[in-house]
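Undergrad: What would the 3D arrangement of this be:
(one chain, ligands or ions: 1)
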Amino acid sequence: MIKRLWAKLGISSTPKASSLPADNVPQHVAIIMDGNGRWAKKRGLPRMAGHHSGMKTVKRITIAADRLGVKYLTLYAFSTENWKRPKAEVDFLMKLPQQFLDIELDELVANNVQVRMMGSRENLPSHTLSALEEAISKTAGNTGLVLNFALNYGSRMEMLDAVRGIAKDVRAGKLDIDAITDQVMSDRLLSGGMPDPDLLIRTSGELRLSNFMLWQLAYSELWFTDVYWPEFTEKHFYEAIGQYQQRARRYGGL
Ligand code: FPP
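TA: Next up, the predicted model:
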C-alpha cells in the first residue's frame, strides 16, 4: 500500500546505489543463485533458458557489486550435489562459465576484476576448466573486485579436506594440536585468504544453506528473497545491501 503510494509520488522505497552509505558496504557478498528452473517453468520455457538468463544476472550483479565497492563476490554456480541432475542439464551448466567468459573476459580485465574459482577441479570438463584457468591467469594481477565462482563446490567436502590436511600435519609432527585455531581452519578452506562473507543472499524463496560455506557463514547476515535469480536486478541487490546496513552485527557480544 505504502509502496504503491510512494510509486505514485515517484518515490522508491528501495535504496538507490547512491543512497547507500559508502562506509558500510559489505566487503564480501556471497550469493546462492536459485530459481532458474522455476523462472523458466513459469514462462513455459526449458530449464536451460532459465540458466542462460541467470548468466545475464551474473553480469548485472557483478557490475553493481563492483560499482558499490564490494571487494569479494562469491557466486554458487554448481554444487557437488548438482551432478545428480540429468546429464543434459549438467552439460549445459558446465558450458556456462566458458560462454560467460568468452563474452565478458575482456571487460572483466578492463575493469580490474580478478576471477577466482572455489571448488574441486576434479571431474570438471576440460573446456570448463580451461576457460576458467585462462580467466584466472589473465586477471591474477588485477586488484579490483574478486569474482569468485563456487563451482563443483561443497562445504562439507571442503571442511573434510581441511581436517584431513590438519590431521596429517599433526601426525607428521608439523602442527601442534593446541595450535589448531579458527584461523588455521579458515586458511585451509578453499576460501583461504578471503574474509568471511558479511552478507549471504539467496534468491527464489528457499530458506536453506545447501552445503554452501557452512564454516565461513558463521556470523554472516542472511538475506532471502522470493525473486528468482533471472529476475534479480540491481534494485534487489541494493535492497539487500540497504537492509544489511541497518543490522547491528554483534558476533555473540552485546
Ligand atoms: C539453481 O537454480 C541454479 C543453479 C544450479 C545454477 C546457477 C548457475 C547460474 C545462475 C549461471 C552461472 C553462470 C556462470 C557464469 C557460471 P535451479 O536450477 O535449482 O532452480 P530451481 O530450483 O528453480 O529448479
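
Undergrad: give me phi/psi at residue 30?
TA: phi -110, psi 140 (degrees, to the nearest 10).

Undergrad: Just to check, it is in contact with residue 213?
TA: Yes - counting by CB atoms under 8 Å, residue 30 does reach residue 213; the two are 6.0 Å apart. No exception for glycine: its C-beta is placed from N, CA and C like everyone else's.

Undergrad: can you list residues touching both of the two?
TA: 74, 197, 200 (CB atoms under 8 Å, 6 or more residues apart in numbering).

Undergrad: Which one of those is nearest to residue 152?
TA: Closest approach between the shared contacts of residue 30 and residue 213 and residue 152, by CB to CB: residue 74, at 14.1 Å.

Undergrad: Helix, strand, or coil at that closest one?
TA: Following DSSP: H, G, I helix; E, B strand; the rest coil, the label given to residue 74 is strand.

Undergrad: how many other residues sit next to it?
TA: Look at residue 74: counted by other CB atoms under 10 Å, it has 25 neighbours.

Undergrad: Up against the ligand, what does the stretch 51-200 of the chain have?
TA: Selection of the stretch 51-200 of the chain residues close to the ligand by CB under 6 Å from any ligand atom yields 51, 54, 55, 58, 77, 82, 93, 96, 97, 100, 149.

Undergrad: quick one: what helix or strand has the second one in it?
TA: According to DSSP states H and E, residue 54 maps onto helix 47-68.

Undergrad: helices and strands around that helix, which ones?
TA: helix 36-42, strand 72-79, helix 87-110, helix 234-245 (3 or more CB pairs under 8 Å, 6 or more residues apart in numbering; DSSP states H and E).

Undergrad: So which residue is dead centre in the protein?
TA: residue 75 (2.2 Å; CA atoms, centre = their mean).

Undergrad: The residue in the stretch 151-254 of the chain positioned nearest to the ligand and residue 40: what is the separation?
TA: Of all residues in the stretch 151-254 of the chain, residue 229 sits closest to the ligand, at 5.4 Å by CB to the nearest ligand atom. Remark: distance between residue 229 and residue 40 (CB to CB, to the nearest Å) = 11 Å.

Undergrad: returning to that earlier point: in PyMOL, how would I select just the buried ones from the residues of the stretch 51-200 of the chain next to the ligand?
TA: In PyMOL syntax, the buried subset of these is picked out as below (16 or more other CB atoms under 10 Å):
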select buried, resi 51+54+55+58+77+82+93+96+97+100+149
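
Undergrad: Just the closest residue of the stretch 51-200 of the chain to the ligand, please.
TA: Residue nearest to the ligand within the stretch 51-200 of the chain: residue 54 (2.9 Å; CB to the nearest ligand atom).

Undergrad: That residue contacts residue 38, doesn't it?
TA: No - between residue 54 and residue 38 there is no contact under CB under 8 Å: 11.3 Å.

Undergrad: I'd like the residues of the stretch 51-200 of the chain next to the ligand written out as TSV, with pLDDT added.
TA: As requested, these are exported to TSV (pLDDT from 0 to 100):
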residue	pLDDT
51	98
54	98
55	98
58	98
77	98
82	97
93	98
96	98
97	97
100	98
149	98
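
Undergrad: Nearest to residue 160 among the residues of the stretch 51-200 of the chain next to the ligand?
TA: Of those, the one sitting nearest to residue 160 (CB to CB) turns out to be residue 82, at 18.5 Å.

Undergrad: Against residue 54, how distant is that closest one?
TA: 13 Å.

Undergrad: Would you state the helices of the stretch 101-250 of the chain in chain order?
TA: Taking DSSP state H, counting those that start in this stretch to define them, one finds helices in the stretch 101-250 of the chain at 126-139, 155-171, 182-188, 234-245.

Undergrad: what pLDDT, on average, does the last one get?
TA: The predicted model assigns helix 234-245 a mean pLDDT of 97.
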